[in-house]
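# below is the structure, and that's it, no one-letter string:
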């Protein structure tokens, strides 16, 4: 009886300690700040994280370059992030599908049922506008958006998000009577295109650093289509209660970033190649006497080798390898049994292979967006599912092809020797089909290595993280620093599979067999 009592007390003590540990762990969850895929958003995410860092027990997590508004907003709703910098015009028109005149109070009333809120106006307006090369504007006499309406010869290159937004191209074209057909471009690449005279008109953010650098003229919105896009924090309503000290620190950012300060920070990233975290640290340190000089030491732009072998290389390599290895392994576990099952049924085989092939036609970003919507999460899980789906076809098709290539005589020989169908499959058919099956796995792995770079658009990491950031900054060196390790990983995988295929091609020599001359 005494033993039972002691055991019970020990169990209660264990449960109490476990509950205390779990409660402590829950209290120490990090602040998770997110960003869209453009320079300003990257910088502001670092500003938020570094502002909160001294007031949290666990270092904040920054989930950079998650994609466009829809993806970052879904990350916030699903709890993948706690807060990110958004713009009032985007919240009113794109997220809430409301009117441009919505007040912050009206936005909060609409967002409250979703567990979200708007707070902390940062102090600057970053609006949409259209820009043209200043020399062309002078030559053609273009000063306002109305002046563009009749200019059929001008080529419009607009960001894909702007073309699809509720407050973007369609409404703008209707207001001004534009008849031009715009080409969709990445925002960072559009600056390069307009500088190279491949396009004539582009959409810009009014705090972009390259406007003056490239000699562009921002056209006057004379019919007042665009609303104000005041920078604010869009956050989860449970954040102030969960991390009260961090939230109090974030509130101190209210009104602290004006348009000149934001343009200057964007310029340091895009024109000087300074890292986002350094820019944020310098901005926050500027208010402290003597701190700025200390913060600026060693801030200069990094060269290519420094970017290639940067401190993030190990982390990105692990993330990329895990994405590829897990997705291909799961695809093997699915595709090989299904391929074996449908092999003997011609119509079913054609149906299954056709459906699997159809998955290959879905663009990667579209598939990721659908998965995020279905799962309600961003990051690794939707990326793994997408990569697995893309890996199914080559493995399944090569499984069926390998089985079909087994000579009929060998297939019948196993049955003649008294083997069951399962025994014949394991001992005869699959071993003979293995080289072809392995070739399918090889193809799937190569596809997965390349496609995994897209996973960075939804915060799953990997070498694509550098590529996404390089696109945002139009930084060729950073793009190559992401592409080169991915290519090296593909070459390494090819070498590994070549070795495996060589081993499979070697004739088996049992123990004691004369190796011959």
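Done, it's in. Being a predicted model, the structure only gives us computed values, none of them experimental. Numbering: from 1, shown residues only.

# packing partners of the helix or strand containing residue 388?
Assigned by DSSP states H and E, residue 388 belongs to helix 380-404. Counting contacts by 3 or more C-beta pairs under 8 Å, 6 or more residues apart in numbering; DSSP states H and E, helix 380-404 packs against helix 313-342, helix 346-360, helix 364-375, helix 430-451. From N, CA and C alone the C-beta is placed, and that goes for glycine too.

# next, format these as TSV and append distance to residue 133.
Output for those, formatted as TSV (distance: least, C-beta to C-beta, whole Å):
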stretch	distance to residue 133
helix 313-342	37
helix 346-360	41
helix 364-375	30
helix 430-451	36
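
# closest to residue 41 out of those helices?
Closest to residue 41 of the helices and strands packed on helix 380-404, according to C-beta to C-beta: helix 364-375, at 17.7 Å.

# out of the helices and strands packed on helix 380-404, flag the one nearest residue 254.
The closest of the helices and strands packed on helix 380-404 to residue 254 is helix 364-375. By C-beta to C-beta, the value is 31.1 Å.

# just want the angle from the closest one to helix 380-404.
120 degrees (axes from the mean of the first three to the mean of the last three C-alpha atoms, to 10 degrees).

# could you say what helices and strands helix 364-375 packs with?
helix 69-78, helix 380-404.

# now do residue 104: how many residues are near it, please.
By other C-beta atoms under 10 Å, 16 other residues sit near residue 104.

# now do residue 210, the pLDDT please.
pLDDT for residue 210: 90.

# the closest residue to residue 360 other than its chain neighbours and residue 58, how far apart?
The spatial neighbour of residue 360 that comes closest, neighbours along the chain excluded (C-beta to C-beta, 6 or more residues apart in numbering), is residue 393 at 5.6 Å. To residue 58, residue 393 is 42 Å away according to C-beta to C-beta, to the nearest Å.

# rewinding a little: nearest to residue 231 among the helices and strands packed on helix 364-375 would be which one?
Nearest to residue 231, of the helices and strands packed on helix 364-375 and by C-beta to C-beta, is helix 69-78 at 13.8 Å.

# what packs against the helix or strand that the closest one is followed by?
With elements assigned by DSSP H and E, the helix or strand that comes after helix 69-78 is strand 83-87. With contacts taken as 3+ C-beta pairs under 8 Å, 6+ apart, strand 83-87 sits against strand 32-34, helix 39-52, helix 69-78, strand 231-236.

# swap in 7 Å and give it another go.
strand 32-34, helix 39-52, strand 231-236 (3 or more C-beta pairs under 7 Å, 6 or more residues apart in numbering; DSSP states H and E).

# nearest spatial neighbour of the residue sitting nearest the centre point of the chain, skipping sequence neighbours?
In the chain, the C-alpha nearest the mean C-alpha coordinate belongs to residue 457, at 1.4 Å (C-alpha atoms, centre = their mean). Spatial nearest neighbour of residue 457, excluding adjacent residues (C-beta to C-beta, 6+ apart): residue 67 at 4.8 Å.

# the one you found is in contact with residue 38, isn't it?
No: judged on C-beta atoms under 7 Å, residue 67 makes no contact with residue 38 at a distance of 10.5 Å.

# just the buried positions in the one helix or strand residue 136 maps to, please.
Using DSSP H and E, residue 136 sits in helix 134-140. By 16 or more other C-beta atoms under 10 Å, the buried positions in helix 134-140 come out as 134, 136, 137.

# residue 449 versus the closest residue to residue 446 other than its chain neighbours, what's the distance?
Leaving aside its chain neighbours, residue 446 sits nearest to residue 490 (5.7 Å; criterion: C-beta to C-beta, 6+ apart). Going from residue 490 to residue 449 by C-beta to C-beta gives 5 Å.

# now swap in residue 169 and tell me
35 Å.

# about what we covered before: is it true that the residue nearest to residue 360 touches residue 358?
No: counting by C-beta under 7 Å, residue 393 does not reach residue 358; the two are 9.2 Å apart.

# of the two, which one has the most company?
Neighbour count, other C-beta under 10 Å: between residue 393 and residue 358, residue 393 has more, with 22 against 10.

# how much space between that one and residue 447?
Counting by C-beta to C-beta, the gap from residue 393 to residue 447 is 9 Å.

# can you pull the buried residues of stretch 234-243?
The neighbour-count check on stretch 234-243 (16+ other C-beta under 10 Å) flags 234, 235, 236, 239, 240, 243 as buried.

# quick check, nearest of those residues to residue 470?
For the buried residues of stretch 234-243, the nearest to residue 470 is residue 234 (26.3 Å; C-beta to C-beta).

# skipping its backbone neighbours, what lies nearest that closest one in space?
Once flanking residues are discounted, residue 234 sits nearest to residue 86: 4.0 Å by C-beta to C-beta, 6+ apart.

# beta partners for the one you found?
residue 232 (DSSP bridges).

# adjust the sequence numbering to begin at 20 for everything that follows.
I'll keep to 20 as the first residue from here, and by that count the last item is residue 105.

# so it touches residue 249, yeah?
No: with contact defined as C-beta under 7 Å, residue 105 does not count as touching residue 249 (9.8 Å).

# more neighbours: those two, which one.
More neighbours surround residue 105 than the other of residue 105 and residue 249, with 26 against 18 (other C-beta under 10 Å).

# do you know how far that one is from residue 438?
Look at residue 105 and residue 438: by C-beta to C-beta, they are 65 Å apart.

# what of residue 459?
Counting by C-beta to C-beta - residue 459 and residue 438 are separated by 25 Å.

# neighbour count for those two, which is higher?
residue 459 (26 against 15).

# contacts only, for that one.
Going by C-beta atoms under 7 Å, 6 or more residues apart in numbering, residue 459 touches 413, 414, 416, 417, 418.

# what about the closest residue to it other than its chain neighbours, how many residues nearby?
The shortest distance from residue 459 to any non-neighbouring residue, by C-beta to C-beta, 6+ apart, is to residue 417 (2.7 Å). Neighbourhood size, residue 417 [other C-beta under 10 Å]: 24.

# need the contact partners of stretch 60-79.
With C-beta under 7 Å, 6+ apart as the test, stretch 60-79 has contacts from 47-50, 52-54, 81, 83-84, 102-104, 262, 264-265, 268-269, 272, 284, 288, 295-296, 298-300, 302-303, 491.
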